[in-house]
Structure formats: structure tokens, C-alpha cells
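> Sequence first, then the predicted structure:
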Amino acid sequence: MGNYILAIDQGTTSTRAIVFDRGGRLIATGQREHTQHMPQAGWVEHNATEIWKHTQEVIGTALGRAKLNESDIEAVGITNQRETTVVWNRETGEPIYNAIVWQDTRTQSIVDQLAAESELGAERFKAKTGLPLASYFSASKIAWILENVEGAREEAEAGKLAFGTTDTWVLWNLTGGVNGGIHTTDVTNASRTMLMDLKTLTWDDELLGAFGVPRSMLPEIRSSSEVYGTAHETSLLRGTPIAGILGDQQAATFGQAAFNAGDSKNTYGTGCFLIFQTGEDIVHSANGLLTTVSYKLGDEPAHYALEGSIAVAGSLVQWLRDQIGLIASATEVEKLAASVDDNGGVYLVPAFSGLFAPYWRPDARGALVGLTRYSNRGHIARAALEAVAYQTRDVLDAVNADVAAANGAPLTELRVDGGMVANDTLMQFQADMLNTSVVRPAVTETTALGAAYAAGLAVGFWSGLDELRENWREDQRWEPSINPGERDRLLRQWHKAVTKSMDWVDDDVR
């Protein structure tokens, strides 16, 4: 029996392989960034072939750094950027188009048309899927590829094309690709396509018909924790069971040992995602949140959650670095923000892909407001960090409103993870804006850890959820320290700034 679990974390900006031991401790990591293709405004693409190449490389790097081989690895778990859509030819194994990323907004006209056909508007399929009609989800991206790539519709109807989010793409290649690759996804990723019924956990004919997606393209939906197959003999992991799949935000929640109704976490990655567990109950939001599958372990019932999805968080710091040139590296932003005492009245609303939860305003665009001659680089850097905390407060207000309507208890502590939680300035400001405790775990790589946990449970590496809870350890806690009147003033100004970002996109402006 191997003494380690390997997790593949296929994220929005990079792909990583991380080796964990039985105590949930990180042993070794391999990581490669992939190219962000932005051919025009609102379009975001990845090269799926590049992602698979990097996946193989980082597996080798992680194993090499840990001085391990396939016999030391008991199982492999996969976690991934959700909604990002890959369509490939089953016979050649080649993608027919770049992967269309979850941030991409090119399909807004498709979802607008579907909303216009129903008196329910954007909530046309919400009762069945838990999701509003939005360009965020996979279904409209598949539809765009089928309509805009030459020959795609005909090949799809002939059963030659396969669709998958990037977990499915990695799994298919890892298990052999054209040589018997397994075409499967798990319930958490399927719940983000807008093609799955939340109750039955199956692909739905009404939804497939609305988006014009042939059923033959779709992967089999399975649980988040079971043996799907083994790594192909050509892989460095040859013969190792692939036994866990969770979408990245569900994986981070699982890695935080937030398993029960009322447990929550917030991940500060490319975007920002707050998940609040609702147990085996499907709770539909009246306040702009998504209802999603949180996890399903083998034959056990599915667990559900409310989610607040924020499109831009860590990617705002990347924007300051790459597009604006305000900083040379992401780590500089905290020092620059700390060079000023406050935001100087400057607010930055990062509605680069419209506003996600709880507003769902595709017509919004980014806005930098409150500028005066006094404003400097430090104020803009501080406004960028503060924007992440303000957006999280908006989502938390929605969570508490939905929970109160369901006679539940409000959130009193927020567990946090993701790259930005190393920023102490941001975490303290987050506690101030939420007026609640913010807690960082000792292991912040909770997304990969969650995938490892799902895989390890499936093969008996860990005995159950209680053992995983015992692995969780607190690293640092931040408590609110701001004057309540000052908090109210800052939030009032933030909400005023948000209104300035809305109603920007007209029919002739994209």
C-alpha cells in the first residue's frame, strides 16, 4: 500500500501536482502556468493540449521532488477550474477549438435569447439546475462551439465529439485517451454545466434540447469519491487508481473539513468563491446565490451548498501587474497598499466580466471611481485589495439572508484559503468588513487537499470524515477591529461605486 496521495489541481492560471501524506501535509509540488489567450474583449481561452502537456510535466516534477514513484502513490485525485469547456474529437484526441474559460462572456447573446423565450427570464432553468442563465456556465459555451466551428455540429451528431470540463479532459488522457480513455465527470462539475438536474443528478433532456447539445457528447456522471479507472501504462502513474474528482471550490470546501450543514469557506483565487453547506437539502437562493452539489461520496446521498461566485479576485492583482504595470510582481501589492493609511476615497469595482453574485449584471464593466489629485498608486493598490473584501461581504449578506429565510443560523466564522490569504492586510480588512472571525488553516492548499481526500476515502487510505476533521489545524485568526461607523461608511461608498459600473454595455458596445 502506498503511503501518499497525489492530487492534480488543474486551475485557471496553472496546473499543479501535489503529494500529500496521511496527515494531510504537503510533501512536494510541481507547477506550470499556461497561456491566457484573449483574442478579443470578453473572450478568454486556454489551449487544452498545453494543459495536458503541463499535467504530465508537473506529475513528474512532484514525484521527482518527493523522490517517489507510482508504487508509493495509493490513489490520484483531480480538481479543476469549473465550467471551462473542452470539446475534442474522440478518434484523434485533438480539441476542435481552444477551451472556452469560465470567465468568457462571448455567449451572452445565447443566454439572453433563452431568457427572452420564457416569462421566468434568467431564472428559466433555476428550479432544475440551481443556476441563473449566464455565460458563466458550460452549456452556452458548448452551443457556441457547435455553431461556430466548421463541421462541429455534424461531427457531434455523428457521435465523434466529446465534451468535458478540464477534470474530464485530464481523466480521459490520463487513462489512455484514444486508447480506452475514460469519459467521466463527477456530480460537482456536472452541476456547473447547466445541463444536469440537481435532484436526479442526471443529464436532462429539456436542458440538452434548449442548448442544442447532443447527449452523446457528454461524460458519464459519477460520484466525487470512487475508483473511475487507473492511469495508463504510458503515464508515470501507471496502474494507480484515479479515485476522486471535485470542482475546485467544492474541493477547497472538502479540504477545509467543512462537511456539515452550516460549515463554510471562502477561497481567494483567480476569482473568489464562498460556499455554505446545506447538507442533503437543496436550498434555492432568493438573494443571487447559486445552488450547487457540494460532494457525493460513493453511494451515499449527495450534499448541496449555496455558493457566492465572484469573478475577479486574485486576477485583479494580475491585471495590475500585467495590463496596467502598477506592480512588477503580485507580492508587491500588499506593500504598496500599506504605503497609504486608507483608500483615499478610491474604489475599484472589477466587473471585467460583468458582476457575478449577488448582482448577476452582465452589463457591468470595471470602474475606478473617487479619484482626485491626491490619489496615488498606493490608493489604487489598496482599492484593489479592498474590492475583494467588499465583494465577499456582499455575498455573505446574501448567504445570511437565505439562511435566515430557511430558519438557519447565520455564519459566525469564515475559513479561508487560496493564494491571497497570505496577505495579512487583506485578511484583517476582510474580518473588519464581515464583522466576523476569519480563520486560515495550517495547510492553505485546500483545493488540492480536498481532491486528495476524496481519492483517499475511496481506496481506504483514510477511514472517514472524522479522521479528516482531525487533520485540520488552525494557523491564524483575525478578529474585527474597525469602528462600526467607519465600516458602514466604507460599505456605503462601495455600494455607490458598484452602481457606477452598471448599465455600461449597450447593444453596440461589448
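Thanks, I have it. Residues are numbered from 1 along each chain as shown.

> remind me which residues of the chain are low pLDDT?
Along the chain, the parts satisfying pLDDT under 70 run over 507-510.

> pretty sure residue 266 is in a helix, no?
No: under DSSP: H, G, I helix; E, B strand; the rest coil, residue 266 sits outside any helix and is assigned strand.

> hang on, isn't it packed against residue 416?
Yes: counting by CB atoms under 8 Å, residue 266 touches residue 416, with 5.2 Å between them. Bear in mind the C-beta positions are built from the backbone N, C-alpha and C, glycine included.

> So which of the two has more stuff around it?
The residue with more neighbours, out of residue 266 and residue 416, is residue 266; 30 against 27, by other CB atoms under 10 Å.

> so is the residue lying closest to the more buried one once chain neighbours are set aside in a helix, a strand, or just coil?
If the residues on either side of it in the chain are set aside, residue 266 comes closest to residue 274, at 4.4 Å by CB to CB, 6 or more residues apart in numbering. At residue 274 the chain is in strand, as set by three-state DSSP.

> Could you check how many residues crowd around residue 274?
Going by other CB under 10 Å, the residues that sit close to residue 274 add up to 28.

> Report the contact partners of it.
For residue 274, the contact set (CB atoms under 8 Å, 6 or more residues apart in numbering) comprises 264, 265, 266, 267, 307, 308, 310, 392, 395, 396, 399, 414.

> try it again with 10 Å
Shown in contact with residue 274 (CB atoms under 10 Å, 6 or more residues apart in numbering): 249, 253, 264-267, 289, 305-310, 357, 391-392, 394-396, 398-399, 411, 414, 416.

> With residue 354 instead?
Neighbouring residues of residue 354 by CB under 10 Å, 6+ apart: 42, 103, 105, 108, 134-136, 311, 360-366, 501-502, 504-505.

> try residue 449
Counting by CB under 10 Å, 6+ apart, residue 449 touches 5, 7, 9, 18, 20, 24-26, 77, 79, 251-252, 254-257, 417, 441, 443, 468, 471-472.

> Now list whatever residues contact both of residue 266 and residue 416.
252, 256, 272, 274, 392, 430, 438.

> among the residues you listed, which are in helices?
With helices taken from DSSP state H, the overlap with these comprises 252, 392, 430.

> Quick check, residue 87 in contact with residue 48.
Yes: between residue 87 and residue 48 there is a contact at 9.0 Å, judged by CB atoms under 10 Å.

> what ranges do the strands span in the stretch 301-450 of the chain?
303-310, 347-349, 367-369, 413-417, 437-441 (DSSP state E, counting those that start in this stretch).

> what pairs with the last one, and is each one parallel or antiparallel?
Take DSSP bridges as the rule and strand 437-441 pairs in its sheet with strand 413-417 (parallel), strand 474-478 (antiparallel).

> Need the winner for burial among the ones you listed.
Greatest average neighbour count among those goes to strand 413-417 (a mean of 21), per mean count of other CB atoms under 10 Å.

> Now do it against strand 264-268, angle only.
Using axes from the mean of the first three to the mean of the last three CA atoms, to 10 degrees, one finds that strand 413-417 and strand 264-268 are set 40 degrees apart in direction.

> ok, residue 488 - contacts?
By CB under 10 Å, 6+ apart, the residues touching residue 488 are residue 482.

> One more: residue 13?
Contact analysis of residue 13 by CB under 10 Å, 6+ apart lists 31, 33-36, 46, 81, 269-270, 314-315, 318, 419.

> where's residue 170 relative to residue 15, distance?
Residue 170 is 8 Å from residue 15, where distance means CB to CB, to the nearest Å.

> Please enumerate the shared neighbours of the two.
8, 51, 52, 55, 56, 80.

> so of these, which ones are in helices?
Judged by DSSP H, the shared contacts of residue 170 and residue 15 include 51, 52, 55, 56 as members of helices.

> out of those, which one sits closest to residue 342?
Nearest to residue 342 among these: residue 51, at 41.2 Å, using CB to CB.

> do you know how far the closest one is from residue 8?
Taking CB to CB, one finds residue 51 at 11 Å from residue 8.

> Give the intersection of the neighbour lists for these two.
15, 80, 166, 170.

> will you turn these into JSON lines that also has neighbour count?
Shown next, in JSON lines, are the shared contacts of residue 51 and residue 8 (neighbours: other CB atoms under 10 Å):
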{"residue": "15", "neighbour count": "27"}
{"residue": "80", "neighbour count": "32"}
{"residue": "166", "neighbour count": "31"}
{"residue": "170", "neighbour count": "26"}
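
> Tabulate those (JSON lines), appending secondary structure and distance to residue 205.
Formatted as JSON lines, those follow (DSSP: H, G, I helix; E, B strand; the rest coil; distance: CB to CB, whole Å):
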{"residue": "15", "secondary structure": "strand", "distance to residue 205": "34"}
{"residue": "80", "secondary structure": "strand", "distance to residue 205": "26"}
{"residue": "166", "secondary structure": "helix", "distance to residue 205": "26"}
{"residue": "170", "secondary structure": "helix", "distance to residue 205": "28"}
